[in-house]
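S.K.: Sharing a sequence plus its predicted fold:
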Amino acid sequence: MAAIQINNVEKSYRALKALNGISLSIEEGEFFGLLGPNGAGKTTLISIIAGLNRADSGTVEVHGHDVVSDYRQARKLLGVVPQELVFDPFFTVRETLRMQSGYYGLKNNDPWIDEVMHHLDLTGKADANMRALSGGMKRRVLVAQALVHKPPVIVLDEPTAGVDVELRQTLWKFISRLNREGHTIVLTTHYLEEAQALCNRVAMLKAGQVVALDSTSALIKRISGSQLVVQLASGNLPDELKDLVSHPDELVLGNKYTLRVNEYKDVEPILAKLRLSGAVIEDMQLQQADLEDVFIQIMEGEK
Ligand SMILES: Nc1ncnc2c1ncn2[C@@H]1O[C@H](COP(=O)(O)OP(=O)(O)OP(=O)(O)O)[C@@H](O)[C@H]1O
């Protein structure tokens, strides 16, 4: 049985079709990435999964429980870390987590609360009032809140937006451990290197539709070869090299170009053409294509 089964979900806000027929099956134990540009529909989809928003049509099930008709059961199986920081400012971190446990009918949950706080580096703030915490600390509490009932499916909506490197590392270490222990993880992020490092499978959304769905490694393999990134100190990219530019924006922006190369031997003719045109290279790197390149290519191909 799928951890999350999404069947043909549609959702409109007045004339705007935020989700236009999304179908996805996320298996138990996956670390799944939901990627897409601003406004693609990621948060709308997550809020439908979490039962906070209703689809106009289509169904979503969590471990076989419909999120509308079997809401309580579906909700118990889910831990959702929302994008927005919303808290009651008058409680301490521990009180907040105890209350959240209470919502799920969990008594004597302190051993797990202590463990979660420990793994999120929150122990030192256990008795601090929520209003006195920094944004990054509040985000840790949001994550802890989503985990108090040890949900088998954990959904994180941009948990690392605007947070420092330390929290990212702490968070990913803990979430990866939970994933290894069998929890299903669904993540949305704009940090594609994070998605590449963590997610075994990825769906890319654009304008409310799934435009790519595959294992992370298969998506990256779609872009064959490497890339030569050249930065010019002076001169312009010769016309005959313009077809090799993989990010069209670079043709507008100026002096840094990412050129597709299939083999190492393709590099020398490129350098020769640059030399002949009188361009002077300031910096140069040969890179493997990554998820960001795939993302750009797919998004541009789906206009
Ligand atoms: N409550 C709402 N009322 C009207 N329009 C909405 C509402 N919520 C979302 N939208 C619109 O629906 C579309 C999808 O928004 P959504 O927040 O799901 O995208 P997203 O992929 O999560 O974007 P981001 O990466 O910016 O978080 C957007 O065009 C957004 O403006």
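M.R.: It's in.
S.K.: which residue ranges form the strands in the stretch 201-303 of the chain?
M.R.: Assigned by DSSP state E, counting those that start in this stretch, the strands in the stretch 201-303 of the chain fall at 201-206, 209-215, 226-234, 256-261, 280-288.
S.K.: Tell me which other helices or strands the last one touches.
M.R.: Taking 3 or more C-beta pairs under 8 Å, 6 or more residues apart in numbering; DSSP states H and E as contact, the helices and strands that strand 280-288 lies on are strand 226-234, helix 267-277. Quick note: C-beta positions are derived from backbone N, CA and C, even for glycine.
S.K.: interface residues of the chain facing the ligand?
M.R.: Residues of the chain found near the ligand (C-beta under 6 Å from any ligand atom) are 13, 16, 18, 36, 38, 39, 40, 41, 42, 43, 44.
S.K.: Give me the phi and psi for residue 65.
M.R.: phi -100, psi 120 (degrees, to the nearest 10).
S.K.: Please look at it and residue 78 and confirm they touch.
M.R.: No. Residue 65 is beyond contact range of residue 78, at 9.6 Å (criterion: C-beta atoms under 8 Å).
S.K.: Which of the three states applies to residue 160?
M.R.: Per DSSP: H, G, I helix; E, B strand; the rest coil, the local secondary structure of residue 160 is coil.
S.K.: closest to residue 28 out of the helices and strands packed on strand 280-288?
M.R.: Across the helices and strands packed on strand 280-288, residue 28 has its closest neighbour in strand 226-234 (35.8 Å, C-beta to C-beta).
S.K.: That closest one pairs with which strands, and in what direction?
M.R.: Using DSSP bridges, strand 226-234 pairs in its sheet with strand 256-261 (antiparallel), strand 280-288 (antiparallel).
S.K.: Go through the helices and strands packed on strand 280-288 and pick out the most buried.
M.R.: Across those, the average number of neighbours (mean count of other C-beta atoms under 10 Å) peaks for strand 226-234, which reaches a mean of 17.
S.K.: just how off-centre is that strand within its chain?
M.R.: 29 Å (C-alpha atoms, centre = their mean, to the nearest Å).
S.K.: Give me the angle between it and helix 267-277.
M.R.: 20 degrees (axes from the mean of the first three to the mean of the last three C-alpha atoms, to 10 degrees).
S.K.: Show the pLDDT at the residue nearest to residue 187 when sequence neighbours are not counted.
M.R.: Leaving aside its sequence neighbours, residue 187 sits nearest to residue 156 (C-beta to C-beta, 6 or more residues apart in numbering; 5.0 Å). We have a pLDDT of 96 for residue 156.
S.K.: Go ahead and confirm residue 34 touches residue 42.
M.R.: Yes. Contact criterion C-beta under 8 Å: residue 34 and residue 42 qualify, at 5.2 Å.
S.K.: neighbour count winner among these two?
M.R.: residue 34 (28 against 23; other C-beta atoms under 10 Å).
S.K.: residue contacts, the more buried one?
M.R.: 42, 45, 46, 186, 187, 188, 202, 203, 205 (C-beta atoms under 8 Å, 6 or more residues apart in numbering).
S.K.: Pretty sure the second one sits in a helix.
M.R.: Pointing back at residue 45 there. Yes. Looking at residue 45 with three-state DSSP, it is inside a helix.
S.K.: Quick check, it in contact with residue 9.
M.R.: Yes. Residue 45 is within contact range of residue 9, at 7.0 Å (criterion: C-beta under 8 Å).
S.K.: Settle it for me: which of those two has more neighbours?
M.R.: Taking neighbours as other C-beta under 10 Å, residue 45 and residue 9 compare with residue 45 leading, 31 against 23.
S.K.: Let me see the ranges of the helices in the stretch 1-150 of the chain.
M.R.: 42-49, 71-76, 93-103, 110-119, 135-147 (DSSP state H, counting those that start in this stretch).
S.K.: Would you mind telling me which of those is nearest residue 176?
M.R.: Residue 176 lies closest, by C-beta to C-beta, to one member of those: helix 110-119, at 11.1 Å.
S.K.: Where does residue 186 fall, secondary structure wise?
M.R.: Per DSSP states H and E, residue 186 falls inside strand 184-188.
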